[in-house]
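# following is a predicted model, sequence given first.
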Amino acid sequence: MNINDVTLICKALSDKKRVQIVQMIAKEEKCAADILDEFDITQPTMSHHMKVLCDCGIVNCVKKGKWSQYSINWNRFKEFTAFLTDIAI
């Protein structure tokens with residue numbers, strides 16, 4: 001993982017709602033509608049948050065018809081935490 005990747009993930013996780021979304025989908029894959037039901041935000045705002053999380057690579061998006069299913073990209077997440085562990089030593 002390079003410094004640009006780490007920076008993108010840190011920026012993505014600098015928003016409270018995005019951290020909450022990551023916590024939610026870490027437990028199980030969720031569709032966009034289920035995520036939206038948990039927050040007091042508009043659909044375009046939720047789409048923006050999901051785009052940021054997907055663009056940095058820690059969230060996967062799979063289109064199933066007109067629905068989007070989101071899940072954690074555990075390999076990417078582990079690379080990120082390993083990077084953080086390395087700099088903490």
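Good, I have the coordinates. Numbering: from 1, shown residues only.
# show me the helices in this protein, by range?
Along the chain, counting by DSSP state H, helices occupy 3-12, 16-27, 32-37, 43-55, 74-88.
# these: which one's closest to Gly65?
Of all the helices of the chain, helix 32-37 sits nearest to Gly65, with 12.0 Å by Cβ to Cβ. Glycine gets a C-beta too; all of them are placed from N, C-alpha and C.
# can you pull the buried residues of the closest one?
Along helix 32-37, these residues count as buried under the neighbour rule (16 or more other Cβ atoms under 10 Å): 32, 35-36.
# from the chain's centroid, how far away is stretch 54-65?
Centroid separation between stretch 54-65 and its chain, computed with Cα atoms, centre = their mean, to the nearest Å, is 8 Å.
# now do the end-to-end distance for it.
Terminal residues of stretch 54-65 are spaced 19 Å apart (Cα to Cα, to the nearest Å).
# thinking again about what came up before, out of the buried residues of helix 32-37, which is nearest to Thr81?
Within the buried residues of helix 32-37, proximity to Thr81 (Cβ to Cβ) peaks at Ile35, which comes in at 22.7 Å.
# for the closest one, what are its contacts?
For Ile35, the contact set (Cβ atoms under 8 Å, 6 or more residues apart in numbering) comprises 21, 24-25, 46, 50, 70.
# residues making contact with stretch 79-89?
Here stretch 79-89 makes contact (Cβ under 8 Å, 6+ apart) with 1, 5-6, 9, 58.
# distance of Asn60 from Ile87?
Using Cβ to Cβ, to the nearest Å, Asn60 is found at 26 Å from Ile87.
# neighbour count winner among these two?
Ranked by neighbour count (other Cβ atoms under 10 Å), Asn60 and Ile87 place Asn60 first, with 16 against 7.
# beta-bridge partners for that one, please?
Asn60 has these beta-bridge partners by DSSP bridges: Ser71.
# quick one on the thing from earlier: from the contacts of Ile35, pick the one nearest Asp15.
Comparing the contacts of Ile35 against Asp15 with Cβ to Cβ places Ile21 closest, at 9.1 Å.
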